[in-house]
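Colleague: Based on what follows, work out the 3D shape:
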Amino acid sequence: MDAISSAQIAALDAADPLAAFRARFSLPEGVTYLDGNSLGALPRATADRVRDVIEGEWGEGLIRSWNSADWINAPRRVGAKIARLVGANPHEVIVADSTSVNLHKLIIAALRARPGRHAVLSEPGNFPTDLYMLETAIATLGGAHALTLTPRDEIVSHITEETALVLLTHVHYKTADVHDMAAITAAAQAKGAMVLWDLSHSVGALPLALNACNADLAVGCGYKFLNGGPGAPAFLFVAERHHASLVSPLGGWMGHAQPFAFTDHYEPASGISRFLCGTPSVVGMAALECGVDLHLEADMQEIARKSRALAELFMGLVHMRCAEHDVTLVGPPPGAPRGSHVSFRHPEGYAIMQALIARGVIGDFRAPDIMRFGLTPLYLRYADIVHAVDVLEDVLRTRAWQAPEYRTRQAVT
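Modeller: The predicted structure follows:
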């Protein structure tokens, strides 16, 4: 890309239709936050809402708040809001448990719904939890199924009449590569297989159209681009046509047809509610709803447009100013479809990222050598991208990453 002036950057920020959203997040002074794809920033409305739930609804209303504050319907209410972000009907999405637990539910439900088929398909390098949950679900069912990991460009050709389930992450967590949801879903369904999409790096970052793609199943988390807070509840989607035939393997009381009848026999609820399990986290649900509500005020097409623009700026500046320091782009090239993060490879990626964090530019590291930078359009400015590259170039030029304190691995970065 050609050099870009500070005046041009200021003009981009001044013309940004999403600029006003930045003030609605609590962002620490002196920090450029490029890790919202791992943990979203705190919406300012969340603290007051959570305080209301704790002090008013729980503190004053006590158990009455299950009805008076409508806690009991929160999984369906928030799920219906998320449905608007993923292109689904309100009654096809519910908030429950964690992404991992929801994967377990839907994997086993789907495999049981395809008796006689024993092939399960995913890709190498998929997010580890997705692969772990496939392995353990297959073991739970007795090991009759066989999991095959196929390179992403060969997935469609490996779907056969023996395939029961294809599990893929829509946006790859390291590279930001994007699968063609409509094409893969159609190819699998043509062979009689079902597809389960992990939307954890898509929801809130890209426009999604589950129903337009005729999707079967999906899961997603609430703490990345939806800004629901650490450990926020997750969600799952089941297309209405599958509601009667799929049954959750976790028959918790909240998923019962009559949860307050307290009968000894499990009878699954009708519709999406059968995929509830235990008592929902009311406080976590309230925090998540604040983040979802913020997204619903924004235009997802504008979010996607700004995400692409931030990515193009980031990639272009790094190519111009950091390529001589062995920094190479990972994932889609400029101009190609991508998720809302940018990744670069460097042999000393871990130490470089620690040096960046120490200087207030927070991204993250993914083994073995990837530096990952999340692009969250609701609160990132174009000027933030320029500043991040300024700091990256300085860390590389001065070899600041060689300091011993940046080379000791920590569990979380």
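
Colleague: Show me which strand runs longest in the protein.
Modeller: Ranked by residue count and defined by DSSP state E, the top strand of the chain is strand 163-169.

Colleague: Excluding its own residues, what touches that one? List them.
Modeller: Residues outside strand 163-169 that contact it (C-beta atoms under 8 Å, 6 or more residues apart in numbering) are 103, 107, 110-111, 114, 117-123, 126-127, 130, 134, 145, 155, 159, 179, 184, 188, 191-198, 200-201. No exception for glycine: its C-beta is placed from N, CA and C like everyone else's.

Colleague: Tell me the buried residues within these.
Modeller: 103, 107, 110-111, 114, 117-123, 126-127, 130, 134, 145, 155, 159, 179, 184, 188, 193-198, 200-201 (16 or more other C-beta atoms under 10 Å).

Colleague: re the thing from before, same for the helix or strand following the longest strand of the chain, what does it pack against?
Modeller: Next helix or strand after strand 163-169 toward the C-terminus (DSSP states H and E): helix 181-190. Applying 3 or more C-beta pairs under 8 Å, 6 or more residues apart in numbering; DSSP states H and E, one finds that helix 181-190 contacts strand 163-169, strand 194-198.

Colleague: Now the longest one: average pLDDT?
Modeller: In other words, strand 163-169. In this model, strand 163-169 has a mean pLDDT of 98.

Colleague: quick one, helices of the stretch 251-400 of the chain?
Modeller: 282-297, 300-322, 349-358, 382-398 (DSSP state H, counting those that start in this stretch).

Colleague: Dump those to TSV, plus distance to Ala336.
Modeller: Below are the helices of the stretch 251-400 of the chain laid out as TSV (distance: least, C-beta to C-beta, whole Å):
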stretch	distance to Ala336
helix 282-297	25
helix 300-322	10
helix 349-358	22
helix 382-398	19
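
Colleague: Any idea how far stretch 361-381 is from the middle of the chain?
Modeller: Here the centre of mass of C-alpha atoms in stretch 361-381, compared against the chain's by C-alpha atoms, centre = their mean, to the nearest Å, lies 14 Å away.

Colleague: re the thing from before, partners of the longest strand of the chain, with directions?
Modeller: Strand 163-169 has the following sheet partners, assigned by DSSP bridges: strand 119-122 (parallel), strand 194-198 (parallel).

Colleague: before we move on, the earlier item: adding mean pLDDT and distance to Ala139 as columns, could you present the helices of the stretch 251-400 of the chain in JSON lines?
Modeller: Converted to JSON lines, the helices of the stretch 251-400 of the chain look like this (pLDDT from 0 to 100; distance: least, C-beta to C-beta, whole Å):
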{"stretch": "helix 282-297", "mean pLDDT": "98", "distance to Ala139": "29"}
{"stretch": "helix 300-322", "mean pLDDT": "97", "distance to Ala139": "38"}
{"stretch": "helix 349-358", "mean pLDDT": "98", "distance to Ala139": "33"}
{"stretch": "helix 382-398", "mean pLDDT": "98", "distance to Ala139": "43"}
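
Colleague: most tightly surrounded among those?
Modeller: Ranked by mean neighbour count under mean count of other C-beta atoms under 10 Å, the helices of the stretch 251-400 of the chain are led by helix 349-358, which reaches a mean of 23.

Colleague: In TSV: the helices and strands packed on helix 181-190, plus distance to Ala15.
Modeller: Shown next, in TSV, are these (distance: least, C-beta to C-beta, whole Å):
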stretch	distance to Ala15
strand 163-169	33
strand 194-198	34
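
Colleague: which one of these lies closest to Phe260?
Modeller: strand 194-198 (31.2 Å; C-beta to C-beta).

Colleague: Dump the helix or strand that comes right after that closest one to CSV, restricted to CA.
Modeller: Next helix or strand after strand 194-198 toward the C-terminus (DSSP H and E): strand 217-220. Extracted in CSV, the C-alpha atoms of strand 217-220 (Å, rounded to 0.1, in the frame of the first residue of the first chain):
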residue,chain,number,x,y,z
LEU,A,217,-26.7,-26.7,13.7
ALA,A,218,-24.4,-24.1,15.2
VAL,A,219,-22.8,-23.0,18.4
GLY,A,220,-21.0,-19.8,19.5
